[in-house]
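**Student:** predicted model and sequence below, questions to follow.
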Amino acid sequence: MARQSKGVTVVDHPLVQHKLTLMRKKDTSTKSFRQLLKEIGALLCYEVTRDLPLEMIEIETPLTTMQAPQLVGKKLVFAPILRSGMGMLDGMLDLAPAARVAHVGLYRDPATLACVEYYFKAPADLADRLVVVIDPMLATGNTAIAAVDRLMEAGAREIRLACLLASPEGLSKFQGHHPNVRVWTAAVDEQLNDHGYILPGLGDAGDRMYGTR
């Protein structure tokens with residue numbers, strides 16, 4: 001189940017929405033938050049990869065031969081933005097274990113909200129693969145924009161973005177910079193506060209996942 005509009009798909013499957021509600025609760029434990037983020041990662045991956053190309057091949061079942069579909073082309077690349085993107089990665093790898101992984105290390109300067117890169121490592125053949133950027137929170141949009149910019153510099157041509165929550169401001173800014181990158185999210189919340197956090201949101205995903213605050 002998903003609602004699509006202007007390059008944004010809101011995954012409104014009941015399981016996704018239920019798990020998101022549990023994650024929003026301030027008394028949800030670190031352990032539960034981590035597990036829920038992993039589970040939602042898998043569910044979002046299911047939607048992001050819905051239109052992957054298939055080819056028919058001949059196989060032999062225990063009873064007969066048949067033509068059956070299998071994925072065609074090179075495997076996916078998941079590109080989590082460190083550190084909170086790692087929480088969704090495991091769930092996506094459960095669904096697509098052959099995928100390769102690119103790591104994009106970015107942090108948001110608390111004073112300017114601008115992005116600072118501290119690490120980047122990706123497969124050499126990004127141009128030949130579908131790259132799925134993973135970032136739980138699309139807040140100001142600056143981090144996602146910087147990640148896509150960096151991946152494009154490294155050769156990526158087909159990129160999608162999967163996030164847990166998005167703000168209207170972040171979506172607008174991201175699409176202004178990268179109108180051809182489709183976005184999948186579990187919800188689009190109301191607004192940003194003065195500190196660049198999504199409202200009503202769920203707080204800082206990284207801190208809640210790792211128990212650092």
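**Tutor:** All right, it came through fine. Numbers count the residues shown, from 1 in each chain.
**Student:** residue 139 is in contact with residue 81, correct?
**Tutor:** No: using C-beta atoms under 8 Å, residue 81 is not in contact with residue 139; the gap is 11.9 Å. Yep, even glycine has a C-beta here, placed from its N, CA and C like the rest.
**Student:** so residue 163: helix, strand or coil?
**Tutor:** Classification of residue 163 by DSSP: H, G, I helix; E, B strand; the rest coil places it in strand.
**Student:** tally of neighbours for it?
**Tutor:** 27 (other C-beta atoms under 10 Å).
**Student:** likewise the one 3 residues further on?
**Tutor:** The number of residues packed near residue 166 is 27, by other C-beta under 10 Å.
**Student:** let me see the ranges of the helices in this structure.
**Tutor:** 14-24, 30-48, 86-95, 142-153, 168-177, 205-210 (DSSP state H).
**Student:** can you list these in JSON lines and add distance to residue 72, mean neighbour count and mean pLDDT?
**Tutor:** Formatted as JSON lines, the helices of the chain follow (distance: least, C-beta to C-beta, whole Å; neighbours: other C-beta atoms under 10 Å; pLDDT from 0 to 100):
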{"stretch": "helix 14-24", "distance to residue 72": "28", "mean neighbour count": "16", "mean pLDDT": "96"}
{"stretch": "helix 30-48", "distance to residue 72": "17", "mean neighbour count": "20", "mean pLDDT": "96"}
{"stretch": "helix 86-95", "distance to residue 72": "18", "mean neighbour count": "21", "mean pLDDT": "94"}
{"stretch": "helix 142-153", "distance to residue 72": "23", "mean neighbour count": "21", "mean pLDDT": "95"}
{"stretch": "helix 168-177", "distance to residue 72": "29", "mean neighbour count": "17", "mean pLDDT": "95"}
{"stretch": "helix 205-210", "distance to residue 72": "34", "mean neighbour count": "20", "mean pLDDT": "89"}
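**Student:** quick one: which of those helices is nearest residue 132?
**Tutor:** Nearest to residue 132 among those is helix 30-48; the distance by C-beta to C-beta comes to 5.7 Å.
**Student:** of all the helices of the chain, which one comes closest to residue 59?
**Tutor:** helix 86-95 (21.5 Å).
**Student:** on the strand side of things, show who residue 57 bridges to.
**Tutor:** Residue 57 forms beta bridges with residue 68, as assigned by DSSP bridges.
**Student:** thinking again about what came up before, closest to residue 127 out of the helices of the chain?
**Tutor:** Across the helices of the chain, closest to residue 127 is helix 142-153 (C-beta to C-beta), at 10.0 Å.
**Student:** C-alpha coordinates for that closest one, PDB please?
**Tutor:** C-alpha atoms of helix 142-153 as PDB (Å, rounded to 0.1, in the frame of the first residue of the first chain):
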ATOM      1  CA  ASN A 142      20.700  19.300   3.400                       C
ATOM      2  CA  THR A 143      22.100  15.800   4.400                       C
ATOM      3  CA  ALA A 144      20.200  14.000   1.700                       C
ATOM      4  CA  ILE A 145      21.200  16.500  -0.900                       C
ATOM      5  CA  ALA A 146      24.900  16.300   0.000                       C
ATOM      6  CA  ALA A 147      24.700  12.500   0.000                       C
ATOM      7  CA  VAL A 148      23.200  12.400  -3.500                       C
ATOM      8  CA  ASP A 149      25.600  15.000  -4.700                       C
ATOM      9  CA  ARG A 150      28.500  12.900  -3.500                       C
ATOM     10  CA  LEU A 151      27.200   9.700  -5.000                       C
ATOM     11  CA  MET A 152      26.700  11.400  -8.300                       C
ATOM     12  CA  GLU A 153      30.200  12.600  -8.200                       C
END
